[in-house]
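>>> no sequence on hand, only this structure:
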């Protein structure tokens, strides 16, 4: 799997080098230089609000473990996004698992289960966006085939969420004592213990807001560069970008992001040069502030851990009971 990922990265870099030579960078740089700073500030705020909502979604499930610090959830999401911006593989999930497990003195497997559950809502929203967008908004002809991908992703993730809800509170089978079956059983058991209609409903509402904020960010950045695009262009760009970022071949998706954005919005009359400039600005807004914040979080992680509070032990000791019983914290 790792060799295929690196091979994909090399292919993307070759295509990126070819595409770079086709862009009129004089036009692209001129478009970026004339961008409205005030409007870009609004885009930065929208991206920050999106990160806060992602943190809130994760915090809903972390509370089931007795981890009530929303600030810790925010730090974890920032660190995870920062790591994904710097490395090819999606190592951000492992990084925030380590951060929260260490800071809250919680089992890593339990923290990982919360991430596995809350991340299911992103592909669900992607599938929902594709299905609704393909039937209500005139998308470019090149994205017509993505409709089937969206339906498949939507049905698959919806099925997983339903299965987790049905597994919640079911009688426990004999626990495998060793091997990969034991690890799979533990993750499935802990994930199903987090599944309640109330948590899933809140997570779905928050996830929908996150994706709407991302659409708004795309539109605001285009406006900052003086580009007039319909809302359908932002939808098409978001579909094309997320359809190809399942396998992250470059750090932060650099290269593919610009290519997908330019192809998607070219259908709406925008030149490739200005489209690439717009995509670059979007990526700078999404990558630079978050990566800097992630470095700050990393430096704070390097400090010696504080002594545990006298309440930490009882709080985390009851986490397993709360999950298995399905009680809302």
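That came through, no problem. The structure displayed is predicted, hence computed values, not measured ones.

>>> give me the number of residues near residue 234?
24 (other C-beta atoms under 10 Å). Placement of C-beta: from N, CA and C, glycine included.

>>> over to residue 135?
9.

>>> mind pulling up the pLDDT for residue 7?
Looking at residue 7, its pLDDT is 57.

>>> do the same with residue 190
Value listed for residue 190 in the pLDDT field: 77.

>>> buried sites along stretch 199-207?
By 16 or more other C-beta atoms under 10 Å, the buried positions in stretch 199-207 come out as 199-200, 203-204, 206-207.

>>> between the residues you listed, which sits nearest residue 230?
residue 207 (24.2 Å; C-beta to C-beta).

>>> what's around the nearest residue to residue 73 once chain neighbours are set aside, how many residues?
Here the nearest residue to residue 73 in space, its sequence neighbours aside, is residue 59; by C-beta to C-beta, 6 or more residues apart in numbering that works out to 4.0 Å. By the measure other C-beta under 10 Å, the count of residues near residue 59 is 22.

>>> residue 59 contacts residue 70, correct?
Yes - assessed by C-beta atoms under 8 Å, residue 59 is found in contact with residue 70 at 5.1 Å.

>>> quick one: mean pLDDT for stretch 205-220?
96.

>>> contacts for it, please.
Stretch 205-220 is contacted from outside by 39, 42-43, 46-47, 49-50, 53-54, 56-57, 60, 121-122, 124-126, 128-129, 229, 231, 234-235, 237-238, 282, 285-286, using C-beta atoms under 8 Å, 6 or more residues apart in numbering.

>>> low pLDDT regions in the stretch 201-329 of the chain?
245-252, 301-329 (pLDDT under 70).

>>> let me know the closest of the buried residues of stretch 199-207 to residue 190.
Once C-beta to C-beta is applied, the member of the buried residues of stretch 199-207 that ends up nearest residue 190 is residue 199, at 13.6 Å.

>>> now that closest one: closest residue in space that isn't a chain neighbour?
Distance criterion C-beta to C-beta, 6+ apart; nearest residue to residue 199, sequence neighbours excluded, is residue 60 at 5.4 Å.

>>> list the contacts for that neighbour?
Contacts of residue 60 (C-beta under 8 Å, 6+ apart): 118, 199, 202-203, 206.

>>> likewise residue 34?
By C-beta under 8 Å, 6+ apart, residue 34 lies in contact with 225-226.

>>> now it: how far from residue 225?
Distance of residue 34 to residue 225, given as C-beta to C-beta, to the nearest Å: 7 Å.

>>> common neighbours of these two, please.
Shared contacts of residue 34 and residue 225, counting by C-beta under 8 Å, 6+ apart, come down to nothing at all.

>>> so the residue nearest the centre of the chain, which of the three states?
Nearest residue to the geometric centre of the chain (C-alpha atoms, centre = their mean): residue 122, 6.7 Å. Secondary structure state of residue 122, per DSSP: H, G, I helix; E, B strand; the rest coil, is helix.
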